[in-house]
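J.: compute the structure for the input listed below.
(chains A and B)
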Amino acid sequence: MVASSPAVQAALRVTVPAGTTAGQALRDAGAPTTGSDALVVARDPQGVLRDLAWAPDSDTEVDAVSASSPDGRSVIRHSCAHVLAQAVQQHFPDAKLGIGPPVADGFYYDFDVDRPFTPEDLAVLEKTMRRIIKAGQRFSRRVLGSAEDAKRELADEPYKLELVDLKASTVTIDPDEVMEIGAGELTVYDNVHPHTGETIWGDLCRGPHVPTTRHIPAFRLMRTAAAYWRGNEHNPQLQRIYGTAWESTEALEQHLEFLAEAQRRDHRKLGAELDLFSFPDEIGSGLPVFHPRGGTVRRVMEDYSRRRHEEAGYEFVNSPHITKGQLFETSGHLDWYADAMFPPMHLDEELAEDGTVRKPGQDYYLKPMNCPFHNLIYRSRGRSYRELPLRLFEFGSVYRYEKSGVVHGLTRVRGMTQDDAHIYCTPEQLQGEICSLLTFVLDLLRDFGLDDFYLELSTRDDEKYVGTDEQWEEATDALRLAAEASGLELVLDPGGAAFYAPKISVQAKDALGRAWQLSTIQVDLQEPDLFKLEYTAKDGSRQRPYMIHRALFGSIERFFGVLTEHYAGAFPAWLAPVQVVGIPIADEHVEHLQQVAKALRARGIRVEVDASDERMQKKIRTHTTQKVPFLLLAGGKDVEAGAVSFRFRDGTQINGVGVEDAVGAITGWVARRENRSPSAAELPIGQP
RNA sequence: GCCGGCGUGGCGCAAUUGGUAGCGCACUCGACUUGUAAUCGAGCGGUUCCCGGUUCGAGUCCGGGCGUCGGCUCCA
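T.: Below you'll find the predicted structure:
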């Protein structure tokens, strides 16, 4: 984000003579001590971050770590968390400390307090923190002799005592908390007055920290929230304060600007502004309706996806939204996931005169998944090895009873449509099928303008799984090989798999660099058995097929939300709900534009002519705000010349383009599915 | 589900310590006929999310519900 001096970025390495400090050695070697590249900690030969005050027993080489590096930022943020905790305990003497680690883009600290923090509290705390930072308190490391010493010292801090116990039993907890308790000896970091040496405040902490509070150049408290102690919902909730801290004011400003941009792109906001979709209260939480414009974008997405699936050898199926419970008993969903399903509709029960049940009736459920239905289609007749791989595709609507607190815009809904397919294949086909599938997935995402990916491989949760070790190994290896063949970065997610299947998920980064989990590919180790799926092999024997689940968009709703944010509402022309708007200078020019619109419409272009009783300038503003890719203006000059004048989203223009050229240029641009926004510089039409 | 914030025409907002709801945009009608981001005027539109309570009187205070926002937990 902020340019760093090459000297420090290139891992300046110096030798620290025994008995001197890392900081002194680095300073002697010319590492900067001020500005955004100031060194804040050092890295020892084992790669462990060390305070600059660290003095090795014998001569040792260390690397400089600058404030603007990821590690440097973490240390600044963690140090800032200590400053926050000190400020909180100053204003709220009874506040008990939880933990305060650095996180992506900032830090937090959890407190047990009598009442939640208010925005006014944050303002006061910020002020106090600035005073602490200005005072230049030194961070001073102190090793505690034993767990007993630690407990004596931390007698007033129940949560810290728990951490000491945890550490004693070498339990590993959330990686976020490594900075707090980690491995090794128990240490306390004291904040010490720069002149008197008096200890002002201290916290159990593994470190490292910046040399003094003055090395926290820029911070901001962001918001408060409740959080369960150690992330467990059965534990008490603590009050969390989130903040952000950076190596320079500029870096902080940039980060705040990034957040503002993300807010401007929020698909929930754009959804209303661009009239794409809404969430009427009358329908219910997490249940969107798509308006004509959103519906158009969605239809184009689906049409394109269908075409690609057809080309890739998929067959299209359909299944109902509800089913008898029996199906989900067979599939096991009622055992494992009943909580996340909408409760059943109990139908066809008959009571006798005396109120006793004469006929028990049936439970019907809304489907949370499509796979059981596809399995029944597979099983509807005998299958031959010649038919495999059999790829069954459906835009399947599913309903999941997400907890009320997690529903979020289009990215977490209770009713969604998946671009869902299940592939049934022979064991020999598995590897090849997964490899070509991954290529297919990435191609499709690229066609929608996403091209920055990494993959995540979720492997078995040893506490919760079905199937044998061999099955898991085979399926996981097939996924891993395919992932490696893609050449993309692969992140491991140990234990992250569903109980029935290892998974590759494609994480796509949007225009702001935010990663979204979109596509998933899973090898199912349970359902072929549960549904007793079979095919007849070449030798006449009955065999069990392998089954792959996959969704490319994930859900159409979620993908729609992600694309909306990726493009900030300015969809590529081929996806835009309205591709062209004709704007007459005066009423007498409407007829000419209607003719142009007719020609465009005949070529499949979504075009409107704005003949309303408004000023031309007003119309330009309206349709620019609506992010229409092509505005075609026409006045007397254009009508005379049989031309139109282009205005693009970015305000650039090309005037006096012959109608045929204009129609050709627009049609071509849309047909090529260009993902850039058209502009005068991009569009291949000759100047008059 | 848990903690906290919020809920006023379709949208964005306003309404002293409790005194009977205003503004902008959008929409409708009329006038204007305009060359690259907001023409002027008039009008329509609200059971202040819902239910209950306190009060002479509630948008405002209290209780419950629903929705929503930020987190936590969860995410087959």
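J.: up against RNA strand B, what does the stretch 101-250 of chain A have?
T.: Residues of the stretch 101-250 of chain A lying close to RNA strand B by C-beta under 7 Å from any atom of the strand are A:116, A:223-228, A:231-233, A:237, A:239-240. In this view, the C-beta of every residue, glycine as well, is placed from N, C-alpha and C.
J.: do the strand or helix carrying A:Val398 and RNA strand B meet?
T.: Secondary structure from DSSP states H and E places A:Val398 in strand A:390-399. No. No part of strand A:390-399 sits near RNA strand B under the criterion C-beta under 7 Å from any atom of the strand; the closest distance found is 8.0 Å.
J.: surely A:Ala312 meets A:Phe440?
T.: Yes. At 5.5 Å, A:Ala312 and A:Phe440 qualify as touching, with contact defined as C-beta atoms under 8 Å.
J.: which is the next helix or strand following the strand holding A:Val398?
T.: strand A:415-425.
J.: packing partners for the next helix or strand after that next one?
T.: Downstream of strand A:415-425, the next assigned helix or strand under DSSP H and E is helix A:427-447. If contacts are counted by 3 or more C-beta pairs under 8 Å, 6 or more residues apart in numbering; DSSP states H and E, helix A:427-447 sits against helix A:292-311, strand A:415-425, helix A:469-486, strand A:503-509, strand A:515-524, strand A:546-551.
J.: okay, those in TSV with mean neighbour count, distance to A:Thr330 and mean pLDDT next?
T.: Below are the helices and strands packed on helix A:427-447 laid out as TSV (neighbours: other C-beta atoms under 10 Å; distance: least, C-beta to C-beta, whole Å; pLDDT from 0 to 100):
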stretch	mean neighbour count	distance to A:Thr330	mean pLDDT
helix A:292-311	16	27	96
strand A:415-425	23	15	96
helix A:469-486	18	20	93
strand A:503-509	21	22	93
strand A:515-524	21	14	93
strand A:546-551	24	14	96
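J.: of all the ones you listed, which lies closest to RNA strand B?
T.: Of all those, the one in closest proximity to RNA strand B, counting by C-beta to the nearest atom of the strand, is strand A:515-524 (6.4 Å).
J.: what lines up beside that closest one in the sheet?
T.: Applying DSSP bridges, strand A:515-524 is found paired with strand A:503-509 (antiparallel), strand A:546-551 (antiparallel).
J.: output these as CSV; include the columns distance to RNA strand B.
T.: CSV is the format used below for the strands paired with strand A:515-524 (distance: least, C-beta to the nearest atom of the strand, whole Å):
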stretch, distance to RNA strand B
strand A:503-509, 7
strand A:546-551, 7
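J.: buried ones in stretch A:231-245?
T.: Neighbour-count burial for stretch A:231-245 flags A:Leu238, A:Gln239, A:Arg240, A:Ile241, A:Tyr242, A:Gly243, A:Thr244, A:Ala245 (criterion: 16 or more other C-beta atoms under 10 Å).
J.: give me the subset of the residues you listed lying in strands.
T.: If you go by DSSP state E, these have A:Leu238, A:Gln239, A:Arg240, A:Ile241, A:Tyr242, A:Gly243, A:Thr244, A:Ala245 in strands.
J.: in JSON lines: those, plus distance to A:His91.
T.: Output for those, formatted as JSON lines (distance: C-beta to C-beta, whole Å):
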{"residue": "A:Leu238", "distance to A:His91": "17"}
{"residue": "A:Gln239", "distance to A:His91": "13"}
{"residue": "A:Arg240", "distance to A:His91": "16"}
{"residue": "A:Ile241", "distance to A:His91": "12"}
{"residue": "A:Tyr242", "distance to A:His91": "18"}
{"residue": "A:Gly243", "distance to A:His91": "15"}
{"residue": "A:Thr244", "distance to A:His91": "21"}
{"residue": "A:Ala245", "distance to A:His91": "20"}
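J.: returning to that earlier point: export the helices and strands packed on helix A:427-447 to TSV and tack on distance to A:Glu157?
T.: Below are these laid out as TSV (distance: least, C-beta to C-beta, whole Å):
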stretch	distance to A:Glu157
helix A:292-311	52
strand A:415-425	45
helix A:469-486	43
strand A:503-509	38
strand A:515-524	36
strand A:546-551	47
